[in-house]
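Visitor: fold the following for me, if possible:
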Amino acid sequence: MKKKYVLRPILAIAMTLALSACGGGGTSSNTESFVAGNGTVTFMKVAERIKAPQITGETLDSKTYAPILGKVTVVNVWASWCSPCRAEAPTLSALSQSFPEVNFVGILTRDNPANARAFVKRFSIEYPTLIDDSILLGFRKSLIANAIPSTLVIDKNGLVAGRISGEITVASLTDLITRLANE
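Guide: This is a model prediction of the structure:
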């Protein structure tokens, strides 16, 4: 009987520690339930691709964005508070300059426009960022943005062709763009 009472306080402490670890530890609701990817690249065969949602809407600078159809499109889902997003921003910016024939667009998620504008200025991002992340719901039957950051690549026919879950690298995104440009 004594063993039962000794284990209860230990079990209570263990449960308290386990549950407190689930809270995220911060005060910002933006980072709760944050899932960081590991850079995994997924590429879909042409026959398996599904039509991408319309990637249009209001941008951070209050303009309306609509991609040029018939071009490969790179869609980067990001937030200013996301460390991997900050790490990949210079690479994305450079690749957008290296591939002017590709549409690059960001989708801001779980963030506010003021912080996002500071992020864009800090990292000299010249491609537009949409502020309505409900666009991401349109990817639910295809490759979803399953982490922050996630980068989705749409082929020239408007079909979702690939995803990088987590921080991109020059090699991973260049490979996806090149493969789709050569189709």
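
Visitor: quick one, strands of the protein?
Guide: Ranges of strands within the chain are 40-43, 50-51, 57-58, 64-65, 73-78, 103-108, 129-130, 150-154, 159-165, based on DSSP state E.

Visitor: and residue 90, which of those strands is closest to it?
Guide: strand 73-78 (12.7 Å; CB to CB). Every residue, glycine included, has its C-beta placed from N, CA and C.

Visitor: that closest one packs against which elements?
Guide: Applying 3 or more CB pairs under 8 Å, 6 or more residues apart in numbering; DSSP states H and E, we find strand 73-78 packed against helix 83-98, strand 103-108, strand 150-154.

Visitor: isn't residue 41 up against residue 167?
Guide: No: here residue 41 does not reach residue 167: they are 11.5 Å apart, not a contact under CB atoms under 8 Å.

Visitor: coming back round to it: how about the strands of the chain in a markdown table, adding mean neighbour count, mean pLDDT and distance to residue 143?
Guide: Shown next, in a markdown table, are those (neighbours: other CB atoms under 10 Å; pLDDT from 0 to 100; distance: least, CB to CB, whole Å):
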| stretch | mean neighbour count | mean pLDDT | distance to residue 143 |
| --- | --- | --- | --- |
| strand 40-43 | 15 | 93 | 6 |
| strand 50-51 | 14 | 96 | 8 |
| strand 57-58 | 16 | 97 | 20 |
| strand 64-65 | 14 | 96 | 21 |
| strand 73-78 | 25 | 98 | 10 |
| strand 103-108 | 24 | 98 | 14 |
| strand 129-130 | 22 | 98 | 18 |
| strand 150-154 | 27 | 98 | 6 |
| strand 159-165 | 24 | 97 | 4 |
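
Visitor: show me where pLDDT drops low in this protein?
Guide: Applying pLDDT under 70 to the chain picks out residues 1-36.

Visitor: out of the strands of the chain, flag the one nearest residue 175.
Guide: Of the strands of the chain, nearest to residue 175 by CB to CB is strand 40-43, at 7.6 Å.

Visitor: chain center to that closest one, what's the gap?
Guide: Its chain's C-alpha centre and that of strand 40-43 lie 13 Å apart, by CA atoms, centre = their mean, to the nearest Å.

Visitor: now for it, which elements pack on it?
Guide: Where contact means 3+ CB pairs under 8 Å, 6+ apart, strand 40-43 is packed against strand 159-165, helix 170-181.
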